[in-house]
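Enquirer: Curious how this folds, go ahead:
(one chain, ligands or ions: 1)
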Amino acid sequence: MIDTADRQEKKRLSMVRSQLEVRGIRNPAVLKAFRKVPRHLFVPPEYRSKAYQDRPLPIGRGQTISQPYMVAVMVEDAELGPDSRVLEIGTGSGYQTALLAEIADQVYSIERIDWLARRAKELLRKSGYDKVHVRTGDGTLGWPEQAPFDAILVSAGSPSIPQPLTDQLSLGGRLVIPLQDFQIQTLEIITRTESGIRRERKEPCSFVPLIGEHGWKE
Ligand code: SAM
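Expert: You can find the predicted model right below:
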């Protein structure tokens, strides 16, 4: 059966209740964004009927759109407000970029694979998110011309903290990043303070590798 927009909305609202709220996602702005952004439009057409399932899905070129709950944890941990300036590393499908655009003021996003960056740009434009800035490049270098950022979200697993990213945080700014092992990482929040950085370990997670100068080598 072809899903109508109504049916997709019902699935989306059910996803927010059964996957996010019951697992402790509480931030009203985050929940509102998840209720609004049409995740099914960001997955490839052959996966559209599975878009609201509790799992990551393939998006091409060996990459994935992350599980909705994991995206929600990262966006909530970023502690964004309506005036925030945010950098996302790993645009992927553009879904998280759209969520960030619903919550923050200015959104910058970097994707390593040009094909994905172009696809995400097009989907974001078609969905009305034409104010976000997406570019192809090595996100481990950050976007120095647009720094500082109140938050930086890295949607791929890194062996260590990329120094350029902490350098590009504003004072009190938060870097949300899966760190350490190639297969299984720990989600960490790195906060820039007056005296350096503070590290907070959150939960185990499993992301595709962050490949770049300050990540895994190709
Ligand atoms: N948040 C995305 C979404 O909503 O679809 C999912 C991102 S996917 C799990 C991780 C992405 O990070 C992949 O598209 C991959 O190509 C990208 N990536 C890996 N290393 C990167 C780097 N150094 N700079 C930018 N993007 C990178």
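
Enquirer: for the closest residue to P148 other than its chain neighbours, what are its contacts?
Expert: In this structure, P148 finds its nearest non-sequential neighbour in S170, 3.9 Å apart by CB to CB, 6 or more residues apart in numbering. Yep, even glycine has a C-beta here, placed from its N, CA and C like the rest. Contacts here follow CB atoms under 8 Å, 6 or more residues apart in numbering; on that basis S170 touches R85, P148, F149, D150, R192.

Enquirer: Which of the residues you listed fall in strands?
Expert: Among those, the members falling in strands (DSSP state E) are R85, F149, D150, R192.

Enquirer: Confirm the residue nearest to P148 sits in a strand?
Expert: Yes. Counting by DSSP: H, G, I helix; E, B strand; the rest coil, S170 falls inside a strand.

Enquirer: What's the separation between it and V134?
Expert: To V134, S170 is 22 Å away according to CB to CB, to the nearest Å.

Enquirer: ditto for R119
Expert: R119 is 10 Å from V134, by CB to CB.

Enquirer: Identify the residue spatially nearest to the most centrally placed residue in the chain, adjacent ones excluded.
Expert: In the chain, the residue lying closest to the centroid (CA atoms, centre = their mean) is Q96, at 4.3 Å. Once flanking residues are discounted, Q96 sits nearest to V71: 5.2 Å by CB to CB, 6+ apart.

Enquirer: same deal with L13?
Expert: For L13, the spatially nearest residue (CB to CB, 6+ apart) is R35, at 6.1 Å.

Enquirer: go on, E21?
Expert: Here the residue nearest E21, using CB to CB, 6+ apart, is L31, at 6.9 Å.

Enquirer: Quick check: the gap between the one you found and G139.
Expert: L31 is 27 Å from G139, by CB to CB.

Enquirer: Looking at the two, which one has more neighbours?
Expert: More neighbours surround G139 than the other of L31 and G139, with 31 against 17 (other CB atoms under 10 Å).

Enquirer: what's the following helix or strand after whichever helix in the chain runs longest?
Expert: For the chain, the longest helix by residue count, based on DSSP state H, is helix 114-126. Moving toward the C-terminus from helix 114-126, the next helix or strand (DSSP states H and E) is strand 133-136.

Enquirer: So for that following strand, what gets flagged as buried?
Expert: Neighbour counts over strand 133-136 (16 or more other CB atoms under 10 Å) mark V134, T136 as buried.

Enquirer: cool, and stretch 68-88?
Expert: 68-80, 84-88.

Enquirer: next one: stretch 17-30 to chain centre, how far?
Expert: 16 Å (CA atoms, centre = their mean, to the nearest Å).

Enquirer: Convert that stretch to CSV, retaining C-alpha atoms only.
Expert: Extracted in CSV, the C-alpha atoms of stretch 17-30 (Å, rounded to 0.1, in the frame of the first residue of the first chain):
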residue,chain,number,x,y,z
ARG,A,17,5.8,8.6,21.5
SER,A,18,7.0,5.0,21.4
GLN,A,19,10.7,5.6,20.6
LEU,A,20,11.6,9.0,22.0
GLU,A,21,9.3,10.0,24.8
VAL,A,22,9.2,6.6,26.5
ARG,A,23,13.1,6.5,26.4
GLY,A,24,13.3,9.9,28.2
ILE,A,25,13.6,12.5,25.4
ARG,A,26,12.0,15.5,27.1
ASN,A,27,13.1,18.8,25.4
PRO,A,28,9.8,20.2,24.0
ALA,A,29,11.6,21.9,21.0
VAL,A,30,13.3,18.6,20.1
